[in-house]
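[1] I'll drop the sequence and a predicted model, then ask my questions.
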Amino acid sequence: MSTPAFVQALYDSGIAVWMRDSLKAMPLIEATHVLAIATVFGTILIVDLRLLGVAGTGRPYSVVAREMLGKTWTAFVLAVITGALMVAPNAITYYGNTAFRLKLLALVLAGLNMVIFQLLTARTMPTWDTSAKTPTAARTAAIISLVLWTAIIFLGRWIGFTKGYDFSVPEDVQFEFPQ
Amino acid sequence: MLELARQLGTSGLSQAIQSTLWLTPLLQAIHILMIGIVFISVLMVVLRILGRYRADEPFTAIWLRFAPWMWWALAVMAATGLVLIIGEPLREASALSFWLKMALILVGVLSVLGLRRAAAGFTGTSMPFGTRLAATVVLVVWIAIIYLGRSIAYDAEIWGSWSLGVYA
């Protein structure tokens, strides 16, 4: 597969070189990515379970959503930044990786699901905001959201097992198990 | 301990887990989903103590809302974690990050129970400074657990000669 110029440029960028050369940067960035994703998933789960009428029904949907919104977006921005730092040093292999492409697709679909919910379903919110019985469209949006975010986490983990590496571990680092 | 881990690694069960290639990523993905539930549950309990989440409700209401989710998710994490350990016992046993993580999980669980004791029955907005400080420390402990979990795969890079594996 030929490599597009922007992928090659990302691979050659200063930050990508620095990530490849630094031993401790990748584990720290990856752990921060896990922390960010855990926060994104957890806060979205709280909102979606309220939307399904399963949990947190003692409070209006709008209140539950408002309490989580800032946390979700802050964590999402952190996930994008750390994710980009993970992709850059491996940009060429990520570009050709099926799990990575499917993960980006799932992210776009999750965004579309959110936009459609906000533009259409949320307009009738005053009629169901305080009720545990939410409209079918709202429940459908919640289920789609949970399926997509679960898929995003699974695909993310699958990238790590399928992408391989296009750089080698520095020679002075060897980790040997006792025989 | 390393010898024990080496023997466990040659057992039939461990070999079966190792040869089922899709099992490890599947269990790890479930493990990460559960991190989301546990971490958010701890975060909400801590934020309530700090008076920054549902401060209009008594502490017990927030505890009862999130504690069941936290315990169930922790149980799933223990189960998936155990299978992952049996699949790669030497990798875990030779990682300093792994042992630190296990110790911090014990601290994390006990300290969450301690927070519940300290904050039970509290209905006001602002809790005593000591309780708020303890809650912040508990949150840091759980964040550290996540970092140590990811560090198991990079133990030599993170800890150098402190890593329990042979570091050349």
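    Thanks, I have the structure now. Numbers count the residues shown, from 1 in each chain, chains lettered A, B, ... in the order given.
[2] Can you name the residue of chain B nearest to chain A?
    Of all residues in chain B, the one sitting closest to chain A is B:Ile40 (2.7 Å; Cβ to the nearest Cβ). C-betas here are computed from N, CA, C, even on glycine.
[3] Remind me which helix or strand that residue belongs to.
    Counting by DSSP states H and E, the element that carries B:Ile40 is helix B:23-49.
[4] Let me see the mean pLDDT of that helix.
    If you average the pLDDT over helix B:23-49, you get 94.
[5] just how off-centre is it within its chain?
    8 Å (Cα atoms, centre = their mean, to the nearest Å).
[6] Any idea how many residues pack against the residue of chain B closest to chain A?
    Neighbour count of B:Ile40, defined by other Cβ atoms under 10 Å in any protein chain shown: 26.
[7] And the one 4 residues further on, by the same measure?
    Summarising burial for B:Met44: neighbours were counted as other Cβ under 10 Å, giving 25.
[8] ok, now A:Ala88?
    Neighbours of A:Ala88 (other Cβ under 10 Å): 21.
[9] Would you quantify the distance from it to chain B?
    Using Cβ to the nearest Cβ, to the nearest Å, we find A:Ala88 at a distance of 18 Å from chain B.
[10] Surely that residue touches A:Asp12?
    No - using Cβ atoms under 8 Å as the test, A:Ala88 is too far from A:Asp12 to be in contact (9.6 Å).
[11] tell me what the helix holding B:Ile40 is packed against?
    Judged by 3 or more Cβ pairs under 8 Å, 6 or more residues apart in numbering or on different chains; DSSP states H and E, the packing partners of helix B:23-49 are helix A:25-51, helix A:136-162, helix B:59-87, helix B:96-119, helix B:129-151.
[12] In it, which residues are buried?
    B:24-49 (16 or more other Cβ atoms under 10 Å in any protein chain shown).
[13] Quick check: residues of chain A near chain B?
    Neighbours of chain B within chain A, by Cβ under 8 Å from any Cβ of the partner chain: A:23-24, A:26-28, A:30-31, A:34-35, A:37-43, A:45-46, A:55-56, A:58-59, A:67, A:150, A:153-154, A:156-158, A:160-161, A:173-178.
[14] Narrow those residues to just the buried residues.
    Here, 16+ other Cβ under 10 Å leaves A:26-28, A:30-31, A:34-35, A:37-43, A:45-46, A:55-56, A:59, A:67, A:150, A:153-154, A:156-158, A:175 buried among the residues of chain A next to chain B.
[15] for chain B, what are the low-confidence residue spans?
    Chain B contains residues with pLDDT under 70 at B:165-168.
[16] what do you get if the cut-off is 80, keeping everything else the same?
    The model of chain B has pLDDT under 80 over residues B:1-2, B:126, B:165-168.
[17] now do chain A
    Within chain A, the segments meeting pLDDT under 80 span A:1-2, A:23, A:163-179.
[18] Name the nearest residue to the residue of it found nearest chain B, sequence neighbours excluded.
    For chain A and chain B, the shortest gap (Cβ to the nearest Cβ) falls at A:Gly42, measuring 2.7 Å. Closest residue to A:Gly42 apart from its sequence neighbours, by Cβ to Cβ, 6 or more residues apart in numbering or on different chains: B:Ile40 at 2.7 Å.
[19] So the one you found sits against A:Ile37, correct?
    No - if you go by Cβ under 8 Å, B:Ile40 and A:Ile37 don't touch, sitting 11.4 Å apart.
[20] Relative to B:Trp72, how far out is the residue lying closest to B:Leu33 once chain neighbours are set aside?
    Nearest non-adjacent residue to B:Leu33, counting by Cβ to Cβ, 6+ apart: A:Ile153, 5.7 Å away. According to Cβ to Cβ, to the nearest Å, A:Ile153 stands 18 Å off from B:Trp72.
[21] Check A:Ala65 too.
    Separation of A:Ala65 from B:Trp72 (Cβ to Cβ): 24 Å.
[22] And the two? Which one has more around it.
    The residue with more neighbours, out of A:Ala65 and B:Trp72, is A:Ala65; 19 against 14, by other Cβ under 10 Å.
[23] Please name the residues that touch the residue nearest to B:Ile86 when sequence neighbours are not counted.
    Distances taken as Cβ to Cβ, 6+ apart place B:Ser14 nearest to B:Ile86, at 5.3 Å, with adjacent residues excluded. When contacts are counted by Cβ atoms under 8 Å, 6 or more residues apart in numbering or on different chains, B:Ser14 touches B:8, B:86-87, B:89.
[24] how does it look with 10 Å?
    Counting by Cβ atoms under 10 Å, 6 or more residues apart in numbering or on different chains, B:Ser14 touches B:5, B:7-8, B:83, B:85-90.
[25] Widest-spaced pair of the residues you listed?
    Using Cβ to Cβ, the contacts of B:Ser14 span at most 17.7 Å, a distance reached by B:Gln7 and B:Val83.
[26] Neighbour count for the two, which is higher?
    The neighbour comparison of B:Gln7 against B:Val83 (other Cβ under 10 Å) goes to B:Val83, with 16 against 12.
[27] looking at it, that one is touching B:Thr24, isn't it?
    Yes - judged on Cβ atoms under 10 Å, B:Val83 makes contact with B:Thr24 at a distance of 8.8 Å.
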